[in-house]
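Visitor: whatever this is, show me its structure:
(chains A and B)
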Amino acid sequence: MQDTIFSRLRWVTGGMALTALLIVFQLVRIQFGSNTGYFRDLGDEVSQQPREFAPARGRIFDRDDELLATNDVQYEVGINPNFVIRPDDVVRVLAEALSLSESEIRTAIESEDRYVLIARPVSAEVGEYITRAQETEGVNISGVSLTPIDHRAYPGGVLGAGTLGFVGYNQLNSQVGYYGVEGFYNDLLSGKSVQGIQQLVPFDTEPNPVPAQGADLVLTLDRDIQFLVEGILNDAVQRYGAQGGTIVVMDPQTGEILAMASNPSFDPNNYGGAALPEPLNAGVTGQYEPGSTFKVLTMAAALDSGLVNPNSPFTDNGVIEVGGAEIRNWDGGAWGAVDMTGCMRHSLNVCMAYLSTSMGANTFYDYMKAFGIGSKTNVDLLAESPGHLKVPGDPDWFDSDLGTNSFGQGVAVTPLQLLTAIGAVANDGVMMQPHILKEVRNGDASHTTSIQPLGQPITADTARTLSAMLATSLETGEAQDALVPGYRIAGKTGTASIPVPGGYDETQTIASFVGWGPIDDPKFIVLVRLDKPAASIWGSETAAPTFGVLARRLVVLMQIPPDDVRVQMAATQP
Amino acid sequence: MQQILRRKSMIGHAREEVSRLVEGLKDEIDTMQMDILQSNQVLRAFKQAPWRIQTQTLAWFSILILATLVVGGLYLAVASRAGNAGRDLQYYEQQKTDLVRENDQLRAQLANLRNMDHMAARALGLGFVPATPEQVYYVSVESYPQEPGPEPLPVTVSAPVPATADEAAAVALAARADQGWLTQSLTGLYETVFSSGEGE
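Guide: As a prediction, this is how the structure comes out:
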């Protein structure tokens, strides 16, 4: 009996030893055998998670360090049906928080899927509401997943929206900047993400890799001026019944863009909420025929080439023939004997056509090219249009274009392009590179952009002469609403016909005004453009008063003393 | 003679006595050897007793287990500490992420409170109105330091005014064609921004 028991025990012991040996053998085989890679991968699949470590997107400030774009948190709300314990609680809380129907949430809870997306993105407030519900005693919403997601926030809402652009998500759910500054400087703002492995087993955990942070951008925009400009533009669009409009404010001495506004605009915090305006940023994308504001460049060329001086006489017969086409004045009248200042004051098309034809096509178009017409300014904003300038030799150029181009017809510009060109007249003949980036900051490092001249199409003498002519013509012409008491302002109105198939729209115009001041030391140059104003088609009655309202506020905001005070101050300085 | 005989007799007795002693000693030695032999046998038998072998095996096994336990315990202690450190690391990484998010959230809230609509509405609510140029008085202060003006324009020094419009157009087109400003600025920016951030 005893022998039998011992014999059986020996068999059991042997069997267990054999099993143990087999297990050890299998362990050794898994660890060091030929299938090591397979088993390691299998283990890694459970314990590791490849992940992109993306840096926070850089913030955007205005020139006074006021936040224009920053990051905040939104949430993705989902349900893991297998973990839902009290469906009624889940339905009640989510329906209330997300304003969804109860049946919708109940369907998600009853889903066979492991995870059902309920809403993305939801605001931080809603996320906090759900978090509070999770912590409330007596409420069990287990199975509800609340995942924080990075979100771009624009504290100013629509303020500077077209210029800033917006941030959306690509197919990989990564943030990408579109349009404006967000689009142009997307690489700088987004930094460099790092691909890494997130260890789920604490034993193997290592510090997360640190990606190169997105840089903060300081823009040349002034938030106060931008706010002012947008308010005045919206008022003007409403007051004059315009279909839209654009205002750009620039420092002609540096090329810094101080404000750029378009109407209609959009809210970058909710860019998907309504159709985006087209174009998104008319300041750099919306090309148009400039009309009479273009006469500034024609006169600049005529003066600079030595063809005329401010007092050169011209007899206006009311019509001039160029290339077989008859060119008439805006009012169809003949203004008789005038000088060049009078030509600008009365905005005479005939006079301009006379000047361009007298200069000759080569000289005229060389000047226009020197002013950058037909070329992009290379401003650091996305989606800039180059405008259009036909020149002799082009298949679509005709002899008559030399006449019509002189007063801004048959030529297309963007507001910024025209402002940059006319900025040369304001700035002693030097055309400055328009730009919107002032400084880049990344940690302790910073880089300040330098101002850059684009060229000098005309001499300083020509520029000063023309500035004085335009100031005089403004003071004695039809656009006196643009004047600012105490400050000498130069400017030119424009009333441009809108090209339509087969000719020009007979009833609607683009009214505009370009002005700058104070002319002896210009601190701002402004372009106002109103699209199809219903109250009046004339720039002098719509755009010019809008400029006047803006300029009167600008001199205060920019702390520009009146001319007499500045003269007095200059006299007292050592 | 008698003395000699007596001595011989004595010697004979002595020899017999010695012989008896020797025999006795031999017997004793034999007995002792037998005893020793028996003792050895007992000892061997003791050593080879099954219970003694089991005890020894058990002892060795216990020592092995003890050693394994010590080594395993040490390993577990180290692994536990590493695991705890890893868990702490995960916790702090998560806390860092949460704090960064909270910081962003607060910054955004602050910016929302400071946005122009709020500020303008508050200013108007407090009775402020936008100033007009006529309401602003500038006071001229002698020798008051002036803000520096814009940087001097290099073009006025380095790039003389083109002699002809044709030349000016060529200069302008060339400046725009090679996107000099953009290229320079962006190259400088990327070098500045990302050269120090890499490899962290």
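Visitor: against A:I320, how distant is the nearest residue to A:T293 once chain neighbours are set aside?
Guide: Counting by Cβ to Cβ, 6 or more residues apart in numbering or on different chains, the nearest residue to A:T293 once its immediate chain neighbours are dropped is A:G494, at 3.5 Å. For the C-beta atoms, the positions are set from N, CA and C on the backbone; glycine is no exception. Distance from A:G494 to A:I320, counting by Cβ to Cβ, to the nearest Å: 20 Å.
Visitor: coming back round to it: next up, the contacts around the residue nearest to A:T293.
Guide: Contacts for A:G494 were tallied using Cβ atoms under 8 Å, 6 or more residues apart in numbering or on different chains; they are A:290-294, A:408, A:510-514, A:539, A:543.
Visitor: tell me the mean pLDDT for the strand or helix carrying B:R52?
Guide: Using DSSP states H and E, B:R52 maps to helix B:50-113. In this model, helix B:50-113 has an average pLDDT of 90.
Visitor: does it reach chain A?
Guide: Yes: Helix B:50-113 is in contact with chain A by Cβ under 8 Å from any Cβ of the partner chain, via B:79, B:82-87, B:89-90, B:93, B:100-101, B:104-105, B:107-109, B:111-112.
Visitor: buried only: go through those residues for me.
Guide: With burial judged by 16 or more other Cβ atoms under 10 Å in any protein chain shown, the buried subset of the residues of helix B:50-113 next to chain A is B:83, B:86, B:89-90, B:101, B:104-105, B:107-108, B:111-112.
Visitor: return the member of those residues nearest to A:D251.
Guide: B:A111 (25.3 Å; Cβ to Cβ).
Visitor: was I right to think that closest one contacts A:A69?
Guide: No: the pair B:A111 / A:A69 is not scored as a contact, 9.2 Å apart, by Cβ atoms under 8 Å.
Visitor: which neighbours do the two have in common?
Guide: With Cβ under 8 Å, 6+ apart, B:A111 and A:A69 have common neighbours A:A153.
Visitor: gap between the helix or strand encompassing B:R44 and the chain center?
Guide: Assigned by DSSP H and E, B:R44 belongs to helix B:2-47. Distance of helix B:2-47 from the chain centroid (Cα atoms, centre = their mean, to the nearest Å) equals 82 Å.
Visitor: that helix versus helix B:50-113: what angle between them?
Guide: With axes from the mean of the first three to the mean of the last three Cα atoms, to 10 degrees defining the directions, helix B:2-47 sits at 40 degrees from helix B:50-113.
Visitor: pLDDT of helix B:2-47, averaged?
Guide: Helix B:2-47 comes out at a mean pLDDT of 88.
Visitor: count the residues that sit near B:R15.
Guide: Counted with other Cβ atoms under 10 Å in any protein chain shown, residues neighbouring B:R15 total 10.
Visitor: what's the answer for the one 5 residues further on, then?
Guide: Residue neighbour count, defined by other Cβ under 10 Å, stands at 10 for B:R20.
Visitor: A:D531 too?
Guide: 20.
Visitor: and the pLDDT at it?
Guide: 95.
Visitor: which one is it nearest to, not counting chain neighbours?
Guide: Nearest to A:D531 is A:G244, by Cβ to Cβ, 6+ apart, at 4.3 Å.
Visitor: hmm, the one you found is touching A:S262, no?
Guide: Yes: between A:G244 and A:S262 there is a contact at 7.2 Å, judged by Cβ under 8 Å.
Visitor: those two: which is more packed in?
Guide: Each of A:G244 and A:S262 has its neighbours counted (other Cβ under 10 Å); A:S262 has more, 27 against 20.
Visitor: who does the more buried one form a beta bridge with?
Guide: Beta-bridge partners recorded for A:S262 (DSSP bridges): A:T246.
Visitor: isn't it up against A:T285?
Guide: No: counting by Cβ under 8 Å, A:S262 does not reach A:T285; the two are 9.1 Å apart.
Visitor: overlap in contacts of those two?
Guide: Joint contacts of A:S262 and A:T285 (Cβ under 8 Å, 6+ apart) are A:P279.
Visitor: run through the neighbouring helices and strands of the helix or strand that A:T472 is a member of.
Guide: Element membership for A:T472 (DSSP H and E) is helix A:460-476. Packing partners of helix A:460-476 (3 or more Cβ pairs under 8 Å, 6 or more residues apart in numbering or on different chains; DSSP states H and E): helix A:295-304, helix A:340-345, helix A:415-426, strand A:490-500.
Visitor: just name the most buried of those.
Guide: By mean neighbour count, with neighbours taken as mean count of other Cβ atoms under 10 Å in any protein chain shown, helix A:415-426 ranks first of the helices and strands packed on helix A:460-476 at a mean of 29.
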